[in-house]
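*Asks:* structure of the sequence below:
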Amino acid sequence: MICSECQVEVLYFAKSAEIAGIRSETISVPQEIKALQLWNEIEARHPGKDMNEVEEKSKDIIKFTSEKLSVDEVSQLVISPLCGAISLFVGTTRNNFEGKKVISLEYEAYLPMAENEIRKICSDIRQKWPVKHIAVFHRLGLVPVTEASVIIAVSSAHRAASLEAVSYAIDALKARVPIWKKEIYEESSSSWKRNKECFWATSV
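*Replies:* I've put the predicted structure just below:
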């Protein structure tokens with residue numbers, strides 16, 4: 001009896017090996033198979049896609065916490081293989097204000113409204129720039145000198161989008177989000193401050 005099929009060893013390299021998940025295999029094909037038919041048979045066996053072509057869902061990560069903020073932690077949250085840029089804004093407590101020595105800041109926020117406003121800011125950013133992930137972390141309670149009170153991180157394919165988005169985010173946060181700050185001075189005094197940009201600054 002004449003065999004109508006033959007065994008073909010297929011070797012995979014580079015990208016094809018990643019898609020197939022193997023380096024070689026032996027398949028049975030008709031003896032009279034043409035090259036294009038063989039290629040179609042191989043594709044049918046391994047219908048995978050390049051990993052970089054798989055769509056990654058965008059994330060908006062918002063957190064208010066009394067714990068110390070970590071720049072590394074926040075920046076890690078926005079890393080994406082689709083992005084070549086991560087831009088950061090880190091706001092820290094400075095040790096002086098109008099000649100007074102500041103020893104710490106104290107923050108409080110109306111959380112339901114604050115979180116909602118930041119989500120709106122994230123939505124605004126996505127309408128203006130092609131960014132991937134956004135993270136906004138804000139400290140509450142006492143924040144000593146040099147420690148971070150706010151960290152904003154944005155990832156994008158190219159740097160221009162993330163740089164502009166981060167700048168917009170901190171300006172919008174200062175103007176729209178209900179967060180209050182008290183400066184605590186070395187001479188045992190303190191003063192609540194409001195952001196000059198906030199929409200209620202002229203009416204309260």
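*Asks:* give me the helix or strand of the chain that scores worst on average pLDDT.
*Replies:* Lowest by mean pLDDT, DSSP states H and E among the helices and strands of the chain is strand 190-193, with a mean of 61.
*Asks:* in this structure, which residue is closest to the centre?
*Replies:* Nearest to the mean C-alpha position of the chain, counting by CA atoms, centre = their mean, stands Val78 at 2.4 Å.
*Asks:* so where is the protein shaky, pLDDT-wise?
*Replies:* 1-3, 48-55, 188-204 (pLDDT under 70).
*Asks:* distance between the ends of stretch 171-185?
*Replies:* One end of stretch 171-185 to the other measures 26 Å (CA to CA, to the nearest Å).
*Asks:* can you check stretch 123-137 too?
*Replies:* Per CA to CA, stretch 123-137 runs 16 Å from first to last residue.
*Asks:* and it, how far from the chain's centre?
*Replies:* What separates the centre of stretch 123-137 from the centre of its chain is 8 Å, taken as CA atoms, centre = their mean, to the nearest Å.
*Asks:* show me the contact partners of it.
*Replies:* 56, 58-65, 69, 74, 77-80, 82-83, 118, 121-122, 150-157, 161-162, 164-165, 168-169, 172-173 (CB atoms under 8 Å, 6 or more residues apart in numbering). All C-beta spots, glycine's among them, are computed from the backbone N, C-alpha and C.
*Asks:* the residue nearest to the centre of the chain contacts Ile151, correct?
*Replies:* No. With contact defined as CB atoms under 8 Å, Val78 does not reach Ile151; the gap is 10.7 Å.
*Asks:* so what's the residue nearest to the centre of the chain up against?
*Replies:* 59, 61, 86, 132-135, 153-155.
*Asks:* which one among those residues gets closest to Thr26?
*Replies:* Lowest distance from Thr26 to those (CB to CB) belongs to Lys132, with 41.8 Å.
*Asks:* which SS class is the closest one?
*Replies:* strand (DSSP: H, G, I helix; E, B strand; the rest coil).
*Asks:* determine the number of other residues adjacent to it.
*Replies:* 23 (other CB atoms under 10 Å).
*Asks:* ok, back up a step: got a quick PyMOL command for the buried subset of the contacts of stretch 123-137?
*Replies:* The following PyMOL line selects those of the contacts of stretch 123-137 that are buried, judged by 16 or more other CB atoms under 10 Å:
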select buried, resi 62+63+64+69+74+77+78+83+118+121+122+150+151+152+153+154+155+156+161+162+164+165+168+169+172+173
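*Asks:* now, which of the contacts of stretch 123-137 lie within strands?
*Replies:* 60-65, 150-156 (DSSP state E).
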